[in-house]
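# no sequence on this one, just coordinates:
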């Protein structure tokens, strides 16, 4: 079973992703409203040699967080700059193409629009089956 995290300050968006991921038998989903909480959990797991998520689906505009954690590009940089987290696939997940492009430029591995959850489902299924 692989673990997938979603970081989005809007519960409705987290719930939409959960509906897709919960249909995949070999996936377990954790949801975070704040990027700071997700980063804290990553640090805790890394320091305690605990399992890390395979995929993190990340929104760009995280209004529940305080600066600079409220900007997806900053969060991507924090994850990608840590060698212990290099195998985590970071998915930019915004309804705004420019926001996804900005997160890709910051190091996100792939981007999907919030308007097309089927793309995420296919990607996760393909990732699990690799």
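Thanks, I have it. Every value quoted in this text rests on a predicted model; they were computed, and no experiment measured them.
# for the protein, give me the ranges with low pLDDT.
When residues are selected by pLDDT under 70, none of them lie in the chain.
# so what secondary structure elements neighbour the helix or strand containing residue 36?
Using DSSP states H and E, residue 36 maps to helix 35-47. When contacts are defined as 3 or more Cβ pairs under 8 Å, 6 or more residues apart in numbering; DSSP states H and E, helix 35-47 sits against strand 2-7, strand 27-32, helix 72-80. Every C-beta, even on glycine, is put in place using the N, C-alpha and C of the backbone.
# elements contacting the helix or strand just after that helix?
Following helix 35-47 in sequence order, the next helix or strand is strand 55-58 (DSSP H and E). The contact analysis (3+ Cβ pairs under 8 Å, 6+ apart) places strand 55-58 against strand 2-7, helix 72-80, strand 89-94, helix 117-128.
# picking up where we left off before, how far out from the middle of the chain is the helix holding residue 36?
13 Å (Cα atoms, centre = their mean, to the nearest Å).
# quick one, that helix and strand 27-32 angle?
130 degrees (axes from the mean of the first three to the mean of the last three Cα atoms, to 10 degrees).
# and helix 35-47, what's buried?
35, 36, 38, 39, 41, 42, 45 (16 or more other Cβ atoms under 10 Å).
# rewinding a little: now the helices and strands packed on strand 55-58 as a markdown table including mean neighbour count and distance to residue 24?
Below are the helices and strands packed on strand 55-58 laid out as a markdown table (neighbours: other Cβ atoms under 10 Å; distance: least, Cβ to Cβ, whole Å):
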| stretch | mean neighbour count | distance to residue 24 |
| --- | --- | --- |
| strand 2-7 | 22 | 9 |
| helix 72-80 | 21 | 22 |
| strand 89-94 | 24 | 14 |
| helix 117-128 | 16 | 6 |
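# separation between the residue lying farthest from the centre of the chain and residue 10?
Most distant from the centre of the chain: residue 48, at 21.1 Å, with distances by Cα atoms, centre = their mean. Per Cβ to Cβ, to the nearest Å, residue 48 is found 30 Å from residue 10.
# hmm, back to that, okay if I get the helices and strands packed on strand 55-58 as TSV plus distance to residue 27?
What follows is these, written out as TSV (distance: least, Cβ to Cβ, whole Å):
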stretch	distance to residue 27
strand 2-7	5
helix 72-80	19
strand 89-94	13
helix 117-128	6
